[in-house]
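A.B. asks: coords please:
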Amino acid sequence: MDVVTSDTETNLAARKQAAYEPFFKRLGPPRFEDFEQERQYRKERLAVGFRIFAALGFSEGVAGHITARDPEFTDTFWVNPFGMHFAHITVSDLIRVDGAGSVVEGTMPVNVAAFAIHHQIHTARPEVVAAAHAHSIYGKAWSAVGRLLDPITQDACAFYEDHVFFDDTRVLITEASEAARIAECLGDHKGAILRNHGLLTVGQTVDEAVWWFISMERCCQGQFLAESIGTPLQVDPENARAARAVNGTPRAGWFQCQPLSDRILRQQPDLLE
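C.D. replies: Numbers count the residues shown, from 1 in each chain. The predicted structure is shown next:
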């Protein structure tokens, strides 16, 4: 993001970050000494993500996908099998797909759109571990409006100057060139509104990508509600950037997903099978 900020804005953002720094220093995703442990962890978080999406009503037909880059074979990623409901997915159901779109682990097929979109994003963004996309109702509706989200709430500030609108009329993505345009438009941002399609988010962990999607969906809902009453008040740029410096970071995204993950794991421990 090439955004010029004043010394005052920088100081405000630094003060806000400092207020939470003691907590965030102690919290964060686990680290692993070998690929097997990290692979298992990522797959478990991926299964958790699908169960959360199902619980929140983000599953519609066979649409939607979340991916997690393999920690060892980094040009491949894990994804949900095509045609399986999010609420049924377990760790053992996940499939691993290579750069040619072939399933190299697992027996079920991969969604053509899932491969096209996620392969291009993972290729363009080496730091991205996970990407999430689903046909959620408010994200779909907002994607037909043709606007970015405004910073009208603290939550929306996490996306201030950190999401894009992908203005392309091709809504069914099956080709590499089409998906490459999404990756190019996304740039180094955390989220994209895909015209007439829905939302897409990325993260350095599965939890982060999942949380940004959930939050972005709720922000779309919130803006619809606010605009149904009148013209929403907006947070000024200085305070929006200061809020983003706290609640819009990769660590904050990961952390905010933990209560949801813990709840799903208690309610649906079978997902670990």
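A.B. asks: doesn't residue 164 fall inside a helix?
C.D. replies: No - with DSSP: H, G, I helix; E, B strand; the rest coil as the criterion, residue 164 is assigned strand and is not in a helix.
A.B. asks: So which elements touch the longest helix along the chain?
C.D. replies: When secondary structure is assigned using DSSP state H, the longest helix within the chain turns out to be helix 206-229. With contacts defined as 3 or more Cβ pairs under 8 Å, 6 or more residues apart in numbering; DSSP states H and E, helix 206-229 has these neighbours: helix 35-55, strand 65-69, strand 130-134, helix 137-143, helix 154-157, strand 191-194, strand 198-203, helix 250-267. From N, CA and C alone the C-beta is placed, and that goes for glycine too.
A.B. asks: Just the C-alphas of that helix, formatted as CSV.
C.D. replies: Taking C-alpha atoms only, helix 206-229 is exported to CSV below (Å, rounded to 0.1, in the frame of the first residue of the first chain):
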residue,chain,number,x,y,z
VAL,A,206,-5.4,-20.1,7.8
ASP,A,207,-7.0,-18.5,10.8
GLU,A,208,-6.2,-15.0,9.5
ALA,A,209,-7.6,-15.6,6.1
VAL,A,210,-10.8,-17.1,7.6
TRP,A,211,-11.2,-14.2,10.0
TRP,A,212,-10.8,-11.5,7.4
PHE,A,213,-13.5,-13.2,5.3
ILE,A,214,-15.9,-13.4,8.2
SER,A,215,-15.2,-9.8,9.2
MET,A,216,-15.4,-8.5,5.7
GLU,A,217,-18.8,-10.2,5.2
ARG,A,218,-20.1,-8.6,8.4
CYS,A,219,-18.8,-5.2,7.3
CYS,A,220,-20.8,-5.5,4.1
GLN,A,221,-23.8,-6.4,6.2
GLY,A,222,-23.2,-3.4,8.5
GLN,A,223,-22.8,-0.9,5.7
PHE,A,224,-26.0,-2.1,4.0
LEU,A,225,-27.9,-1.7,7.3
ALA,A,226,-26.3,1.8,8.0
GLU,A,227,-27.1,3.0,4.5
SER,A,228,-30.7,1.8,4.7
ILE,A,229,-31.2,4.4,7.5
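A.B. asks: circling back: residue 93: which of the helices and strands packed on helix 206-229 is closest?
C.D. replies: For residue 93, the closest of those is helix 35-55, at 7.8 Å, according to Cβ to Cβ.
A.B. asks: I'd like the average pLDDT over the closest one.
C.D. replies: Averaging pLDDT along helix 35-55 yields 98.
A.B. asks: for stretch 115-131, same thing?
C.D. replies: Confidence for stretch 115-131, expressed as mean pLDDT, is 97.
A.B. asks: Could you check that stretch and say which residues are buried?
C.D. replies: Residues 115-122, 124-125, 128-131 are the ones in stretch 115-131 that count as buried (16 or more other Cβ atoms under 10 Å).
A.B. asks: can you give me the end-to-end distance of it?
C.D. replies: End-to-end distance for stretch 115-131, by Cα to Cα, to the nearest Å: 11 Å.
A.B. asks: so how far is it off the chain centroid?
C.D. replies: Taking Cα atoms, centre = their mean, to the nearest Å, one finds stretch 115-131 lying 11 Å from the centre of the chain it belongs to.
A.B. asks: tally of neighbours for the spatially closest residue to residue 89 that is not a sequence neighbour?
C.D. replies: Distances taken as Cβ to Cβ, 6 or more residues apart in numbering place residue 50 nearest to residue 89, at 4.4 Å, with adjacent residues excluded. Applying other Cβ atoms under 10 Å, we find 29 residues neighbouring residue 50.
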